[in-house]
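Participant: quick one: sequence and predicted model below, then my questions.
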Amino acid sequence: MYLIPFTMFCVYIIQSQADNSYYKGYSTDPLKRLEQHNNKESSYTSKKTPWRLVYIEIKDNKTDALRRERILKKYSHQQIEQLISSSKNQLKKLEKK
């Protein structure tokens, strides 16, 4: 379970457990968005369920988050894996202890 602040602008990465591919997106509620992906509410991700949340990066505003999402969509699989392991991944900080 994760503890996420009330209002935030998040860039997130989810990983398909079916084929290990990644999907990059933006949301103000990444946990709800993950649930939508797993409920097949997104046609792009519906064929690769289940998904798991592997990365969150919190931005100060929507513009910065959308800009970062566009950059991440150009990353290679290897670059994404490095990012997930990096200190930029704020997911660990949001985990409930």
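Facilitator: In hand now; what should we look at?

Participant: who's in contact with residue 23?
Facilitator: Listed by CB atoms under 8 Å, 6 or more residues apart in numbering, the contact partners of residue 23 are 13-16, 37, 44-45, 51. Every residue, glycine included, has its C-beta placed from N, CA and C.

Participant: let's see it at 7 Å
Facilitator: By CB atoms under 7 Å, 6 or more residues apart in numbering, the contact list for residue 23 reads 14, 45.

Participant: so which strand or helix has it?
Facilitator: In this structure, residue 23 sits in strand 22-27 according to DSSP states H and E.

Participant: how about the helices in this protein?
Facilitator: 30-38, 62-72, 77-85, 91-94 (DSSP state H).

Participant: which one of the ones you listed has the lowest average pLDDT?
Facilitator: Among the helices of the chain, helix 91-94 carries the lowest mean pLDDT, at a mean of 78.

Participant: buried set for that one?
Facilitator: Of the residues in helix 91-94, 91, 94 count as buried by neighbour count, 16 or more other CB atoms under 10 Å.

Participant: number of nearby residues for the nearest residue to residue 27 once chain neighbours are set aside?
Facilitator: The shortest distance from residue 27 to any non-neighbouring residue, by CB to CB, 6 or more residues apart in numbering, is to residue 33 (4.1 Å). Using other CB atoms under 10 Å, residue 33 is surrounded by 20 other residues.

Participant: and what of the one 4 residues further on?
Facilitator: Burial of residue 37 is recorded as 23 neighbouring residues (other CB under 10 Å).

Participant: do residue 25 as well
Facilitator: A count of nearby residues for residue 25, using other CB under 10 Å, gives 20.

Participant: and the gap between it and residue 87?
Facilitator: For residue 25, the distance to residue 87 equals 21 Å [CB to CB, to the nearest Å].

Participant: likewise residue 23?
Facilitator: Residue 23 sits 22 Å away from residue 87, going by CB to CB.

Participant: ok, now residue 63?
Facilitator: Taking CB to CB, one finds residue 63 at 23 Å from residue 87.

Participant: compare neighbour counts for the two and give me the winner.
Facilitator: Taking neighbours as other CB under 10 Å, residue 63 and residue 87 compare with residue 63 leading, 10 against 7.

Participant: who's in contact with the more buried one?
Facilitator: Contacts of residue 63 by CB under 7 Å, 6+ apart: none found.
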